[in-house]
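In: following is a predicted model, sequence given first.
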Amino acid sequence: MDDVIRVFLVDDQELVRAGFTMLVDSQADMRVVGQAGDGGEAIEKIQVTACDVVLMDVRMPRLDGVEATRRLQSLPEAPKVIVLTTFDLDEYAFAAIKAGAAGFLLKNTPPADLLNAIRQVHSGDAVVSPSTTKRLLEHFAGALPDEQTERPDLKDLTAREREVLVEVARGLSNTEIAKLFTLSEATVKTHIGRILAKTGLRDRVALVVLGYETGLVRPTK
């Protein structure tokens with residue numbers, strides 16, 4: 001049981017939670033350990049329920065997924081959060097990523113992709129493809145913080161790390177970055193790991209946001 005991924009479901013629709021429960025519990029390497037109908041209930045239950053990954057609906061009564069995600073980040077052992085949205089390029093999903101979510105998925109994501117996303121985020125990767133994150137950020141570029149926003153210091157990054165960060169923010173995969181700079185994928189992963197350590201950020205999604213916020217990458221017009 002130590003290797004089983006503990007999943008917590010948060011959605012105001014009981015039928016949706018039931019469907020996710022059946023899907024998750026059908027896998028040998030994961031199980032649903034709890035569920036809640038809104039963000040407030042989720043915060044209360046997760047404080048006393050050990051879980052690894054939270055599937056969080058964005059739009060809910062009482063406390064929405066954005067604020068719930070933000071509050072979860074303050075827990076001593078905060079679970080990874082995957083926010084779920086009905087519409088692509090949902091501003092709530094963007095806000096949830098800014099609040100600390102590991103990424104976002106559409107609710108009509110194929111079951112196999114949702115299960116893979118849970119495994120990915122549990123292993124420390126982002127569940128949002130870089131290209132999707134890039135589109136999201138470009139769509140809501142006007143909402144990005146300006147110069148007075150406190151941001152991680154990039155001075156400690158090497159020249160190569162800055163180059164890798166730029167390409168991550170532009171939406172390139174590790175394979176594409178490796179080909180671009182004639183590096184192995186393992187070396188690219190090492191660079192990304194060092195960038196995360198130096199900036200104090202959690203995952204690839206946060207690096208994409210950082211690339212835009214610091215002006216290393218500009219939204220396309």
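Out: Structure's in. What do you need? Everything quoted here is computed from the prediction, not taken from an experiment. Numbering: from 1, shown residues only.
In: isn't Met30 right next to Leu9, touching?
Out: No. Look at Met30 against Leu9 with Cβ atoms under 8 Å: they stay out of range, at 11.7 Å. The C-beta positions use only the backbone N, C-alpha and C, and glycine is treated the same way.
In: so which of the two has more stuff around it?
Out: Neighbour count, other Cβ atoms under 10 Å: between Met30 and Leu9, Leu9 has more, with 25 against 21.
In: in a helix, that one, correct?
Out: No. Per DSSP: H, G, I helix; E, B strand; the rest coil, Leu9 lies outside any helix segment and is strand.
In: what sits against it?
Out: Taking Cβ atoms under 8 Å, 6 or more residues apart in numbering as the criterion, Leu9 is in contact with Arg17, Phe20, Thr21, Val24, Val32, Gly34, Gln35, Ala36, Val54, Leu55.
In: so for stretch 4-24, what's the average pLDDT?
Out: Stretch 4-24 comes out with an average pLDDT of 95.
In: again, but for stretch 33-48
Out: On average, stretch 33-48 scores 94.
In: what residues go with each domain of this structure?
Out: 5-128, 152-214 (the TED database).
In: give the other helices and strands that the top helix by length along the chain contacts.
Out: The longest helix of the chain (DSSP state H) is helix 185-199. When contacts are defined as 3 or more Cβ pairs under 8 Å, 6 or more residues apart in numbering; DSSP states H and E, helix 185-199 packs onto helix 159-170, helix 174-181, helix 204-213.
In: right, and those helices - which one's nearest Arg62?
Out: For the helices and strands packed on helix 185-199, proximity to Arg62 was assessed by Cβ to Cβ; helix 204-213 is nearest, at 26.2 Å.
In: that's a strand at Leu157, yeah?
Out: No. Leu157 is assigned coil when assessed by three-state DSSP, not a strand.
In: one step back: which stretch among the helices and strands packed on helix 185-199 comes nearest Val66?
Out: Closest among the helices and strands packed on helix 185-199, using Cβ to Cβ: helix 204-213, at 14.7 Å.
In: counting by contacts, list what the closest one packs against.
Out: By 3+ Cβ pairs under 8 Å, 6+ apart, helix 204-213 packs against helix 91-98, helix 130-139, helix 159-170, helix 185-199.
In: now with 10 Å?
Out: helix 91-98, strand 103-106, helix 130-139, helix 159-170, helix 185-199 (3 or more Cβ pairs under 10 Å, 6 or more residues apart in numbering; DSSP states H and E).
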